[in-house]
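# turn this into a model:
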Amino acid sequence: MRINYDKELQDDVIRSNNYTSYLARKPCHPKDAFNYPRLSHDEKTRLIILEPGEPEDDLQCHIKHVHSLQDQEYEALSYAWSEESKEHSIVCSGRKLRLTANLDAALRQLRFVDGVRVLWVDAICINQNDEAEKSRQVRIMQEIYANAKQVVVWLGSGTEQDDRALGCLKNISTRMGGEYASRFLARLGWYRARSGRIFSGGAHKPMITDMEYEHLITLLRREWFCRTWIVQEVASSKSAIVYCGSQSILWETLATVYMGLGDHFIPVSQLGGEDAHHSLENITAIETARRSQRGPLPMSLFHILVTTSRSKCKDQRDKIFAVIGLAKDWMERAIILPDYNKGGEEREVLKTFKAFAVADIIHYKHLRALSCASGPRATSPLPSWVHDWRTLQNSHPFTRYSDRTKFCASGCTKPEAWFSTDNTILHVVGKQVDSIDVLGREPTFTKTIAVFEINMPKISEIKQSYRWLQECQDLSRDAHGTLTTERYSELCRTLTCGLTDEAFPMPAQYPEYFAKYFDFMSSASERFQEYLLEAQTTVHGIRGLDESIPHFREFAVVEASLDRWSSTRRFSVTRKGRLACVPKDSEEGDVICILFGGEVPYVLRPTSDGFHAVVGECYVDGIMHGESLSYATASREFRLR
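Now for the predicted structure:
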């Protein structure tokens, strides 16, 4: 997409004394390094006016200081920095400035051959050696991208496979908008038929072929998708276009396809690994934040941080600094302001994480921070109630979905929380309602509906899944080995945490689905072995699991819920006989508390000196909606450190 810049801008470029190469197109080989003139107190930022040129021409630009962004027509670049190279540079107003190889490639591809292009590029427009300026500019980063006419996303130099991936995205988008749209988005899952292609429902026209699948996964492995900064950059945009080499696609098209495929686009874990899965999560984070920016209720900074917790950044303080602009109330109230003056040493990173936890509890009267606590086994010196955003164990805490779960374990109580003078000890008030008596082993869970290549290792994984489910069932039995109908319903609610995979309350038919699923799992490994033997003696291969498993859809929703909630926690039985899903780091003897103002129960670990360490949030069947407040147990103060 081409931005038409006004004639005044062209004249401004031509009049520049240091910009004669725009007219003459003569080679320029400056020896002096570029020195940044300081931004005056009333100047907002810098823009670059990128000269036209052919691919082999030197990169040349003019830097322009601006007082306001609202009256400027420019594009903002979003890209992955990569490593700086001595071989790549741009001539800025007659002097040389080094570039990374990736930025060099981006500017060569994006510059026009017949006119200037006005851009905001962080590596050029910000003096990276001036920490004070860098801090001030990062504070207005959201404003910079929000005021750009367009955000230009650069994925990197393209390959033939990347070209095919963008072609696939456009083709699938057309199909999603056409006659297949309702089926494409409404289906619970993708079913793999014996031909090896993916079909939607019972239709025998392939929606996505294996080759398209591979292309889309490969694109997700691009470094850009896993960066933290991209969330704010694209979420703030009016519009965005994605370039991979010479090919381009509208961001809306790319995001719509990937989000339309959603979790059912997996098995990403089998085809693309964790990196591709995290890229898919970042796309979702961008779109969620983008829609929130346009709506009446912006996302809280806590929710943004949880959503982007697995993305990457060089300076770990950017886990917060890179997205804080999306939480406008934090910037307006200057609760935490990006500050690079003190360097990025470990202590400054931890100080930033701690400052966020304190501010979220005090300013927003919320205990959700405890859901992502570092825990008593944290390797960093942070208090257990502070989250270390570099190593967040669970990126899907219940409190991430507060608007859906409707959990209110502490009823309508308000938080009673305060800190020691050095912000090391967090004091909270609540009730100890139970403790962990028996703790199940860490879960080993594999979705059977994601199995599309049956082999002995996969059969072994399915056996382990069944053993885990069977252990949970055995732990739920009473002293006589009995599992009543009501207890079985409790088991179902606990293993799914009473939620669908999208965090909505569990439908009434789930216990029936769960019973059928458990029966199926009891013989699944033997059944799959039979399929394997059949495949070795026939020319048709293994049938798709949708053809071979009755109640496939019911199993799909149960497995999605198990995978989302209990596969990342540990099943347990409390001293009072309740069933619970607790953090993986829990131990027998840990106490279960309802803290005033908390949405969910919390697992705490008593220490010998009268303090408690936060282990994390938990699901306890029967006390998720304020039921425990009626207990005779007296409230008390807990000192958390």
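# now do W224 against Y243, distance only.
Separation of W224 from Y243 (Cβ to Cβ, to the nearest Å): 10 Å. Backbone N, C-alpha and C define where each C-beta goes, glycine included.
# ok, G598 next?
In terms of Cβ to Cβ, G598 sits 46 Å off from Y243.
# who has more neighbours, these two?
G598 (25 against 21; other Cβ atoms under 10 Å).
# what about C472, how many residues nearby?
The tally of other residues near C472 (other Cβ under 10 Å) stands at 23.
# list the contacts of V242.
Shown in contact with V242 (Cβ atoms under 8 Å, 6 or more residues apart in numbering): 153, 155, 248-251, 254.
# may I ask which two of those are separated the most?
Of all pairs drawn from those, the widest gap by Cβ to Cβ lies between L155 and L250 and measures 13.7 Å.
# who has more neighbours out of these two?
L155 (26 against 16).
# so that one touches R221, yeah?
No: checked against Cβ atoms under 8 Å, the pair L155 and R221 is beyond contact range at 10.4 Å.
# buried ones in stretch 379-394, by neighbour count?
382-389, 392-394 (16 or more other Cβ atoms under 10 Å).
# low pLDDT regions in the chain?
1-31, 84-86, 178-208, 262-273, 296, 378, 450-454, 531-549 (pLDDT under 70).
# so which elements touch the longest strand anywhere in it?
Counting residues, the longest strand in the chain under DSSP state E turns out to be strand 426-439. Counting by 3 or more Cβ pairs under 8 Å, 6 or more residues apart in numbering; DSSP states H and E, the packing neighbours recorded for strand 426-439 are strand 417-419, strand 570-574, strand 579-582, strand 591-595, strand 636-640.
# neighbouring strands for the shortest one, and are they parallel or not?
So that's strand 417-419. Paired with strand 417-419 in the same sheet, following DSSP bridges, are strand 426-439 (antiparallel).
# now the strand it pairs with: buried residues?
Going by neighbour count (16+ other Cβ under 10 Å), the buried part of strand 426-439 is 426, 428-437, 439.
# how far does the longest helix along the chain sit from the chain's center?
Using DSSP state H, we find that the single longest helix of the chain is helix 510-537. Put simply, helix 510-537 sits 33 Å off its chain's centre (Cα atoms, centre = their mean, to the nearest Å).
# just after the helix or strand that contains R136, pick out the following helix or strand.
Element membership of R136, judged by DSSP states H and E, is helix 131-139. Once the chain leaves helix 131-139, the next helix or strand it forms, by DSSP H and E, is helix 141-147.
# so this protein: which segments form each domain?
The record assigns the chain these domain ranges, following automatic domain parsing: 7-129, 381-442+569-641, 448-566.
# would you map the helices across the stretch 101-250 of the chain?
101-110, 122-125, 131-139, 141-147, 160-176, 181-186, 210-220, 229-235 (DSSP state H, counting those that start in this stretch).
# for the second one, name the packing helices and strands.
Contact partners of helix 122-125 among helices and strands, from 3+ Cβ pairs under 8 Å, 6+ apart: strand 45-50, strand 60-66, strand 95-100.
# coming back round to it: with respect to G344, which of the domains of the chain lies nearest?
domain 381-442+569-641 (12.3 Å).
# and the closest one, how far from the chain's centre?
Taking Cα atoms, centre = their mean, the mean C-alpha location of domain 381-442+569-641 is offset from the chain mean by 24 Å.
# tell me how far the ends of that domain are from each other?
End-to-end distance for domain 381-442+569-641: 11 Å, by Cα to Cα, to the nearest Å.
# number of residues surrounding the closest residue to S300 other than its chain neighbours?
Leaving aside its chain neighbours, S300 sits nearest to A327 (6.5 Å; criterion: Cβ to Cβ, 6 or more residues apart in numbering). Residues lying near A327 (other Cβ under 10 Å) number 24.
# is it true that A327 touches M299?
Yes: the pair A327 / M299 is scored as a contact, 7.0 Å apart, by Cβ under 8 Å.
# and the contacts of stretch 553-567?
188-189, 263, 396, 443, 445, 447-449, 494-497, 499-501, 503, 506, 510, 512-514, 516-517, 520, 549, 581, 619.
# which ones are touching A357?
Contacts of A357 (Cβ under 8 Å, 6+ apart): 369, 385-387.
# next one: it from S374, what distance?
10 Å.
# okay, and the common contacts of those two?
With Cβ under 8 Å, 6+ apart as the test, A357 and S374 both reach 385-387.
# just give me the closest of those residues to T308.
For the shared contacts of A357 and S374, the residue nearest T308 by Cβ to Cβ is H387; the value is 12.9 Å.
# quick one: secondary structure of the closest one?
Assigned with DSSP: H, G, I helix; E, B strand; the rest coil, H387 falls in the coil class.
# how many residues are close by the nearest residue in space to it that is not next to it in sequence?
Using Cβ to Cβ, 6+ apart and skipping the chain neighbours, the partner closest in space to H387 is C372 (4.0 Å). By other Cβ under 10 Å, the residues close to C372 number 27.
# ok, the one 4 residues further on next?
Neighbours of P376 under the rule other Cβ under 10 Å: 18.
# gap between the nearest residue to it once chain neighbours are set aside and T607?
Distances taken as Cβ to Cβ, 6+ apart place A613 nearest to P376, at 3.7 Å, with adjacent residues excluded. To T607, A613 is 6 Å away according to Cβ to Cβ.
# which one's more surrounded, these two?
Neighbour count, other Cβ under 10 Å: between A613 and T607, A613 has more, with 22 against 13.
# and that one, that's in a helix?
No: when three-state DSSP is applied, A613 is found to be strand, with no helix at that position.
# for it, name its beta-bridge partners.
Beta-bridge partners, per DSSP bridges, of A613: R605.
# that one: what's it in contact with?
375-376, 384, 604-605, 607, 640-641.
# S279: which of these is nearest?
When the contacts of A613 are ranked by distance to S279 (Cβ to Cβ), G375 comes first, at 27.4 Å.
# quick check: end-to-end length of stretch 410-417?
Distance across stretch 410-417, first residue to last, is 14 Å (Cα to Cα).
# likewise for stretch 619-636?
Using Cα to Cα, the end-to-end distance of stretch 619-636 comes to 21 Å.
# same check, this time on stretch 144-152
13 Å.
# what's the answer for stretch 491-508, then?
One end of stretch 491-508 to the other measures 14 Å (Cα to Cα).
# residues touching that stretch, excluding its own?
Residues contacting stretch 491-508 (Cβ under 8 Å, 6+ apart): 263, 398, 400-401, 404-406, 469, 472-473, 476, 483, 510-511, 514-515, 557-558, 560-566, 571, 579-581, 619, 621, 624.
# check the offset of that stretch from the chain's centre.
Its chain's C-alpha centre and that of stretch 491-508 lie 22 Å apart, by Cα atoms, centre = their mean.
# flag every buried residue along that stretch.
491-501, 503, 506.
# ok, stretch 34-51 next?
In terms of neighbour count (16+ other Cβ under 10 Å), stretch 34-51 has its buried residues at 34, 36, 39, 44-51.
# thanks again, I'm all set now.
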